[in-house]
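>>> Provide a 3D model corresponding to the input given below.
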Amino acid sequence: MTNHAAFAAEDAVTAVPLPAQAGRHFSSFPPRRARDCRKAALGRMDLGASGVLRAGSLLDSMKASSPRHAKFAAGADHEDWMEKHPSALEWIEAVVAAAKGKQIVMFLDYDGTLSPIVEDPDRAVMTEEMRDAVRSVAQHFPTAIVSGRSRDKVLNFVKLEELYYAGSHGMDIKGPTTVSNHKAKADEVLCQPATEFLPVIQEVYETLTAKMESIPGAIVENNKFCLSVHFRCVDEEEWDALGEEVRAVLEGYPDLCLTKGRKVLEIRPSIKWDKGNALEFLLESLGYAGRGDVFPIYIGDDRTDEDAFKVLRNMGQGIGILVTKFAKETTASYSLREPAEVKDFLRKLVMSNGTKG
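This is a model prediction of the structure:
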């Protein structure tokens with residue numbers, strides 16, 4: 001049985017957890033059904049603000065996702081960036097102080113946040129130490145994994161059924177399937193706003209898989225409501241050809257859009273739904289929408305996580321934490337260098353809640 005206690009106001013570091021307040025957990029609120037989030041996602045994505053790749057920008061965008069080509073700040077510029085986005089681990093006391101008296105809700109990306117970025121996406125496993133840290137966090141705060149991976153795949157990686165999972169960049173959300181005081185009915189799907197796109201996603205997946213056979217190292221991953229074309233293991237001389245193949249296939253599918261990640265091209269429905277919408281949906285489902293006593297924390301490493309960072313910035317509540325070793329443009333308030341620091345941050349956060357993980 002989990003006990004999602006709020007941070008105590010008396011002591012920001014060695015706090016004693018407050019008893020759970022009535023109506024503060026998921027079970028007290030009826031879960032929103034898939035039709036509710038489909039209604040919220042009506043309309044096309046704002047292509048100007050979503051990072052959708054335009055004509056002529058594809059190869060440059062692919063190169064920008066590679067550390068070898070990315071332009072990183074150095075010296076004084078990097079120090080200036082760190083002043084604006086300090087280490088959440090070094091500033092844990094400030095984070096705890098900001099959260100005192102409020103209910104923390106934790107949102108975690110998977111790849112590059114809980115597991116390292118690896119050449120083979122099927123081998124992006126998390127360590128047992130990281131799993132223990134996430135399990136401990138979930139015992140004290142409602143916790144969600146928000147990933148571009150399919151929900152089933154990321155659940156198989158994390159192996160913790162007491163969490164909320166938002167796969168396919170938030171287009172497939174489901175509550176915990178184990179007994180807890182914050183869950184919906186077991187195995188109940190909470191949100192799938194892009195169900196109508198499943199046939200076309202499958203069709204494009206089959207077409208792209210056939211096309212990519214001629215490009216060594218290319219991997220097409222089916223994430224149910226979106227597709228990922230990984231080019232991490234593709235010779236750089238083939239990047240342009242790969243990008244043009246992907247673009248040519250998508251020309252016949254105007255309702256799909258192309259975005260980029262870290263050495264990956266993402267194909268998804270052009271609907272108004274992203275990781276930021278998933279964060280808002282989960283907060284509302286948990287009963288925290290419009291409340292001042294909630295402190296969401298979102299940790300992620302990719303451009304797609306910026307949608308969630310922007311939501312938190314616009315809310316004026318909680319914090320976004322970018323996982324990166326390099327200075328880059330972000331709306332996040334804090335930074336962590338790598339998954340090992342994420343693990344340490346999660347452990348310290350639990351310890352600061354006055355409990356032992």
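>>> Pro269 and Val246, how far apart?
Here Pro269 is placed at a distance of 16 Å from Val246 (CB to CB, to the nearest Å). Any C-beta I mention is one placed from the backbone N, CA and C, and that applies to glycine too.
>>> neighbour-wise, which of those two wins?
The residue with more neighbours, out of Pro269 and Val246, is Pro269; 26 against 23, by other CB atoms under 10 Å.
>>> quick check: bridge partners of that one?
For Pro269, the beta-bridge partners under DSSP bridges are Leu256.
>>> SS state for Arg131?
Taken by DSSP: H, G, I helix; E, B strand; the rest coil, the conformation at Arg131 corresponds to helix.
>>> can you check the one 5 residues further on too?
Each residue gets one of three states, and Ser136 gets helix by three-state DSSP.
>>> okay, now it: neighbour count?
20.
>>> average pLDDT for stretch 58-65?
What stretch 58-65 shows for mean pLDDT is 69.
>>> stretch 232-243 now?
94.
>>> with stretch 279-293 instead?
93.
>>> how long is it end to end?
With CA to CA, to the nearest Å applied, stretch 279-293 spans 16 Å between its terminal residues.
>>> got the buried residues for it?
Leu279, Glu280, Phe281, Leu282, Leu283, Glu284, Ser285, Leu286, Gly287, Tyr288 (16 or more other CB atoms under 10 Å).
>>> who does the helix or strand where Ala166 lies pair up with?
Using DSSP states H and E, Ala166 maps to strand 164-167. Here strand 164-167 has these sheet partners by DSSP bridges: strand 143-146 (parallel), strand 172-174 (antiparallel).
>>> so where's the chain shaky on pLDDT?
1-36, 38-57, 59, 63, 65-76, 179-189, 354-357 (pLDDT under 70).
>>> that one: helices as residue ranges?
With helices called from DSSP state H, the chain shows them at 34-40, 58-64, 76-84, 92-99, 128-140, 151-158, 198-212, 239-250, 275-285, 306-315, 339-352.
>>> which strands and helices lie in contact with the fifth one?
Helix 128-140 sits against strand 103-108, helix 339-352, with contacts defined as 3 or more CB pairs under 8 Å, 6 or more residues apart in numbering; DSSP states H and E.
>>> most packed of these?
strand 103-108 (a mean of 24; mean count of other CB atoms under 10 Å).
>>> go through stretch 151-165 and flag the buried ones.
In stretch 151-165, counting by 16+ other CB under 10 Å, buried: Arg151, Lys153, Val154, Leu155, Phe157, Val158, Leu160, Glu162, Leu163, Tyr164, Tyr165.
>>> just to revisit the earlier point, the helices and strands packed on helix 128-140: which one's closest to Leu322?
The closest of the helices and strands packed on helix 128-140 to Leu322 is helix 339-352. By CB to CB, the value is 10.9 Å.
>>> what distance separates that closest one from the middle of the whole chain?
17 Å (CA atoms, centre = their mean, to the nearest Å).
>>> swap in stretch 90-105?
Taking CA atoms, centre = their mean, the mean C-alpha location of stretch 90-105 is offset from the chain mean by 20 Å.
>>> OK, contacts around the residue lying closest to Leu155 once chain neighbours are set aside?
Using CB to CB, 6 or more residues apart in numbering and skipping residues adjacent in sequence, the residue nearest Leu155 is Tyr165, 5.5 Å away. Residues in contact with Tyr165 (CB atoms under 8 Å, 6 or more residues apart in numbering) are Ala144, Ile145, Ser147, Arg151, Val154, Leu155, Val158, Asp172, Ile173, Lys174.
>>> nearest to Ser228, of those?
Closest to Ser228 out of these is Ser147 (10.8 Å), distances taken as CB to CB.
>>> next, count neighbours for the closest one.
Neighbours of Ser147 under the rule other CB under 10 Å: 32.
>>> now do Asp60
Neighbours of Asp60 (other CB under 10 Å): 11.
>>> could you do Phe141 as well?
26.
>>> that one and Met106 touch, don't they?
Yes - using CB atoms under 8 Å, Phe141 makes contact with Met106 at a distance of 5.0 Å.
>>> in stretch 307-326, what's buried?
Buried positions in stretch 307-326, judged by neighbour count with 16+ other CB under 10 Å: 307-313, 317-324.
>>> what about that stretch, how long is it end to end?
When the termini of stretch 307-326 are compared using CA to CA, they are 20 Å apart.
>>> what's the answer for stretch 109-128, then?
For stretch 109-128, the first and last residues are 17 Å from each other (CA to CA).
>>> next one: stretch 305-324
End residues of stretch 305-324 are separated by 12 Å (CA to CA).
>>> got it, and stretch 106-118?
24 Å.
>>> pull out the buried residues from that stretch.
Met106, Phe107, Leu108, Asp109, Tyr110, Asp111, Gly112, Thr113, Leu114, Ser115, Ile117.
>>> run through the residues that contact Val118.
The contact partners of Val118, by CB under 8 Å, 6+ apart, come to Ala124.
>>> still on that earlier bit, let's have the contacts of Tyr165 in TSV, adding distance to Asn223.
Output for those, formatted as TSV (distance: CB to CB, whole Å):
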residue	distance to Asn223
Ala144	17
Ile145	13
Ser147	9
Arg151	9
Val154	9
Leu155	13
Val158	15
Asp172	9
Ile173	14
Lys174	15
